[in-house]
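# Pasting a predicted model and its sequence here:
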Amino acid sequence: MATTGLEGRSVIVTGAGSGIGRAAALRFAAEDARVVLADVDAEAADAVEREIRATGATARTVTGDLGDRSVAEKVVATAAEEFGGPDVLINNAGIMDGFAAAADVTDAEWDRVLRVNLTAPFLLARAALPHMLERGGGAVVNTASEASLRGSASGAAYTASKHGIVGLTKSLAVMYRDSGIRANAIAPGGTATGITVDADFEAHGPSVVMNHAGNVGRVAEADEQAAAILFLASDAASNVNGVVLPVDNGWSAV
């Protein structure tokens, strides 16, 4: 029987202070992995670290803007110095846009969303790969989105960032599969997290997106997404590489 094989492994989880990231961090800790919690919200990340430590598991927290190369490198360096890894990188941190259509997206919104949702995962992967290559393998799991599969789930900036995550995932899978490194992604549908949308719902983009909202179906719990992340990172998925797994109650099938 396949096992997770995660005991003792060094795992980075970004966006670990809340939502899917918190749920994933708790699941990895329950598998006796050693977890580096990365989040921009120091208070939230510290609370998750305390929660993990209370179970007897091991965690460390690094806070800061993951779109800053020095912060991304610090996260990876912490995993290497404290836990000898990283063996697993979970690029989960992300932000929503305001559902704005391309003609209405500001430079600031575009830059902010792409920086957090796409540049940060790239920076973390780039920093983690030399360690994984030296160790003879590893796993990367990125959080994409229903918006990475269609154009009607969000605004132009978020949709572009999540399509970019799919491209990054597949590039990593192809480039490093012969080195024992797997890269996969989940594509969550509607999920109960703390992410909010600041949008003018009378504007063109939000009105179009809301017109398709009836296809969402049941809203998932964060832990349901975390279960899929854990599977893709584990030895149970040892021959799964380059996959974008919808975790959306069939929304992508509609």
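Received, thanks. Numbering: from 1, shown residues only.

# and Ile186, that's in a strand?
Yes - assessed by DSSP: H, G, I helix; E, B strand; the rest coil, Ile186 belongs to a strand.

# need the contact list for it.
Going by C-beta atoms under 8 Å, 6 or more residues apart in numbering, Ile186 touches Val141, Asn142, Thr143, Ala144, Gln225, Ala228, Ile229, Leu232, Val244, Leu245, Pro246, Val247. (Glycine included, C-beta is placed from N, CA and C.)

# Quick check, Ala173 in contact with Ala185.
No - under the criterion of C-beta atoms under 8 Å, Ala173 is not in contact with Ala185, lying 9.6 Å apart.

# the more surrounded of these two?
Using other C-beta atoms under 10 Å as the criterion, Ala173 and Ala185 rank with Ala185 on top: 30 against 19.

# how about the helices in the stretch 1-150 of the chain?
19-30, 42-53, 69-83, 107-114, 120-135 (DSSP state H, counting those that start in this stretch).

# Among these, show me which one is buried the most.
helix 19-30 (a mean of 26; mean count of other C-beta atoms under 10 Å).

# That one relative to helix 42-53, how many degrees between them?
30 degrees (axes from the mean of the first three to the mean of the last three C-alpha atoms, to 10 degrees).

# quick one, longest helix in this protein?
In the chain, assigned by DSSP state H, the helix with the most residues is helix 156-176.

# and that one, average pLDDT?
The pLDDT scores in helix 156-176 average 98.

# next one: stretch 215-228
Rounded mean pLDDT across stretch 215-228 is 91.

# quick one: buried residues of that stretch?
Across stretch 215-228, burial judged by 16 or more other C-beta atoms under 10 Å covers Asn215, Val216, Ala220, Ala222, Asp223, Glu224, Gln225, Ala226, Ala227, Ala228.

# repeat for stretch 152-170
Under 16+ other C-beta under 10 Å, the buried positions of stretch 152-170 are 153-166, 168-170.

# same question, stretch 55-66
Ala57, Thr58, Ala59, Arg60, Thr61, Val62, Thr63, Leu66.

# start to end distance for it?
Start to finish, the residues bounding stretch 55-66 are 27 Å apart (C-alpha to C-alpha, to the nearest Å).

# is it true that Gly180 touches Leu129?
No - using C-beta under 8 Å, Gly180 makes no contact with Leu129, being 11.6 Å away.

# which residues does the most centrally placed residue in the chain contact?
The geometric centre of the chain, computed from its C-alpha atoms, lies nearest to Asn92 (C-alpha atoms, centre = their mean), at 1.7 Å. Contacts of Asn92 were listed using C-beta under 8 Å, 6+ apart, and they are Val13, Thr14, Gly15, Ala16, Ile20, Gly21, Ala24, Asn142, Thr143, Ile229.

# Number of residues surrounding the fourth one?
Ala16 has 33 neighbours, counted by other C-beta under 10 Å.

# All good on my end, thank you.
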